[in-house]
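1. Have a look at this fold, sequence not included:
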């Protein structure tokens, strides 16, 4: 290696060390304020071909040397004061007072940079921060599938199963043992004979698969405002991440339902746009539509089902009993977990001053609270969504997936 090559290699090593130190600092910042950065994050396939979480963060200012000298009145060891006293910021201009220090490029150096975090590491942080639990499949909903798995090497087999690396390795070992291959004394050539051939053998293995169905349903009536749309887009994104994390094997599907007086299955973009016209509200249409879709397309013995329903809690009073009946049907052996989020940002006057709860009497949330208590339902969860800010969104996620007490 020449001197120049050595210097080049040293620079590469130095850059790699600086990058590792930067990533360590960046991860520390993200870990410290995880709730803030989680809602900025995105899934992506990383450079190594594995899923990563990409989080944009502010530029980190590293210590640097600056050209020039401090003014005389700020020299260390001169003037009044004791050791350790704050002497204030240094003058950024030069001694002639020629302007102020400018940032490079228009808009200064306050841009964002992206940090990639491995999926496992990110989810471990999230679980620790919010005390979340991974969802568990029901015992009768695990499908066992037989697959071919290559497990051993044999001396005989079909030509299509020839394992070339193992064959070459065996041939080289034989040539070395016989003295035919002895670099650098002899030519760097060796023979491959039929006894050297090695074949990969497979066997049938049983692989457990857990299919998961995620259902998002929402009230599409005219009483729903833009802040609800923003909150739901954030919350549903995090819900989907966590359910996918709990079911890495098997099929994963998402269904979107909206309702006014009737319920409809829609696409993802339509679900988050929000209502375009003022509809009435019949909440029982949502769980009834869920039952219809499940019965038609998702056998309960093959799918782990997780519905999440969001509304502002208002319903025609004559429909409350219908909603209750449809919900109890879902909870009776069909769904693994049913989560309800009541949003009332559009009507802040409904919030009770005397209670920490946001679900006043007469709303769907109040009815669900009574059902949870009366029927001792472990697979029914209710939370109130107070706003679209980071804290409110993460509180909803924590309530939905918190460790059982």
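-> In hand now; what should we look at? Remember, predicted model here, so these are calculated numbers, not experimental data. Residues are numbered from 1 along each chain as shown.
2. domain parsing for this protein?
-> The chain breaks down into these domains under automatic domain parsing: 3-63+112-130, 143-207, 211-401.
3. give me the low-pLDDT residue ranges for the stretch 1-150 of the chain?
-> 1-16, 18-19, 46-49, 59-111, 145-150 (pLDDT under 70).
4. hmm, 90 instead?
-> 1-131, 133-134, 138-150 (pLDDT under 90).
5. repeat for the stretch 251-400 of the chain
-> Looking at the stretch 251-400 of the chain by pLDDT under 90, you get 273-281, 312, 314, 316-317, 343-362, 386-391.
6. how does it look with 50?
-> Low-confidence segments of the stretch 251-400 of the chain, defined by pLDDT under 50: 349, 352-356.
7. Tell me where it has strands.
-> Counting by DSSP state E, counting those that start in this stretch, the stretch 251-400 of the chain has strands at residues 252-259, 263-266, 303-311, 338-343, 380-385.
8. Now do the closest residue to residue 401 other than its chain neighbours: how many residues are near it, please.
-> Excluding its sequence neighbours, the residue lying closest to residue 401 (CB to CB, 6 or more residues apart in numbering) is residue 132, at 4.5 Å. No exception for glycine: its C-beta is placed from N, CA and C like everyone else's. Residue 132 has 19 neighbours, counted by other CB atoms under 10 Å.
9. is residue 132 in a bridge, and if so with what?
-> residue 402 (DSSP bridges).
10. Could you double-check that it lies in contact with residue 398?
-> Yes. Contact criterion CB atoms under 8 Å: residue 132 and residue 398 qualify, at 7.0 Å.
11. so where does the residue nearest the centre of the chain fall, helix or strand?
-> What sits nearest the mean C-alpha location of the chain, by CA atoms, centre = their mean, is residue 241, with 4.2 Å. With elements taken from DSSP states H and E, the one containing residue 241 is helix 226-246.
12. okay, the domains of the chain, which one's buried deepest?
-> Highest mean neighbour count of the domains of the chain: domain 211-401, a mean of 18 (counted as mean count of other CB atoms under 10 Å).
13. start to end distance for that one?
-> 19 Å (CA to CA, to the nearest Å).
14. do stretch 375-383 as well
-> Start-to-end, stretch 375-383 (CA to CA) is 18 Å.
15. what's the spacing between it and its chain's center?
-> 25 Å (CA atoms, centre = their mean, to the nearest Å).
16. what does it rub up against?
-> 327-328, 331, 335-342, 359, 365, 368-369, 371-372, 395-396, 399-400, 404 (CB atoms under 8 Å, 6 or more residues apart in numbering).
17. Need phi/psi at residue 213.
-> For residue 213, the backbone dihedrals (degrees, to the nearest 10) come out as phi -120, psi 130.
18. thinking again about what came up before, correct me if wrong: the residue nearest to the centre of the chain contacts residue 43.
-> Yes. Residue 241 is within contact range of residue 43, at 7.3 Å (criterion: CB under 8 Å).
19. mind listing what residue 45 touches?
-> Neighbours of residue 45 in contact, by CB under 8 Å, 6+ apart: 51, 52.
20. Quick check: beta-bridge partners of it?
-> residue 51.
21. how close does it sit to residue 119?
-> From residue 45 across to residue 119, the span is 10 Å (CB to CB, to the nearest Å).
22. measure stretch 255-264 end to end?
-> Start to finish, the residues bounding stretch 255-264 are 11 Å apart (CA to CA).
23. Use 8 as the first number for this chain going forward.
-> Sounds good: first residue 8 from here, last item stretch 262-271.
24. Identify the residues contacting it?
-> Contacts for stretch 262-271 (CB under 8 Å, 6+ apart): 220-228, 272-275, 277-278, 282, 286-290, 292-293, 295-297, 300.
25. sorry, back to before: which residues do residue 52 and residue 126 both contact?
-> 58, 59.
26. ok, which stretches of the stretch 58-207 of the chain are helices?
-> Assigned by DSSP state H, counting those that start in this stretch, the stretch 58-207 of the chain shows helices spanning 126-137, 171-185.
27. okay if I get those helices as JSON lines plus distance to residue 146?
-> Listed next are the helices of the stretch 58-207 of the chain as JSON lines, based on distance: least, CB to CB, whole Å:
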{"stretch": "helix 126-137", "distance to residue 146": "23"}
{"stretch": "helix 171-185", "distance to residue 146": "41"}
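28. can you pull the contacts of residue 149?
-> Residue 149 neighbours (CB under 8 Å, 6+ apart): 215, 216, 217.
29. try 7 Å this time
-> Applying CB atoms under 7 Å, 6 or more residues apart in numbering, we find residue 149 in contact with 215, 217.
30. Equivalent analysis for residue 272, please.
-> When contacts are counted by CB under 7 Å, 6+ apart, residue 272 touches 262, 263, 264, 300.
31. returning to what we had before: by contact count, what packs against the helix holding residue 248?
-> The contact analysis (3 or more CB pairs under 7 Å, 6 or more residues apart in numbering; DSSP states H and E) places helix 233-253 against strand 218-226, helix 275-280, strand 310-318, strand 345-350, helix 397-408.
32. and if we set it to 8 Å?
-> helix 126-137, strand 218-226, strand 259-266, helix 275-280, strand 310-318, strand 345-350, strand 387-392, helix 397-408 (3 or more CB pairs under 8 Å, 6 or more residues apart in numbering; DSSP states H and E).
33. want to try a markdown table for those, with distance to residue 43 as columns?
-> Output for the helices and strands packed on helix 233-253, formatted as a markdown table (distance: least, CB to CB, whole Å):
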| stretch | distance to residue 43 |
| --- | --- |
| helix 126-137 | 11 |
| strand 218-226 | 25 |
| strand 259-266 | 26 |
| helix 275-280 | 22 |
| strand 310-318 | 23 |
| strand 345-350 | 21 |
| strand 387-392 | 18 |
| helix 397-408 | 6 |
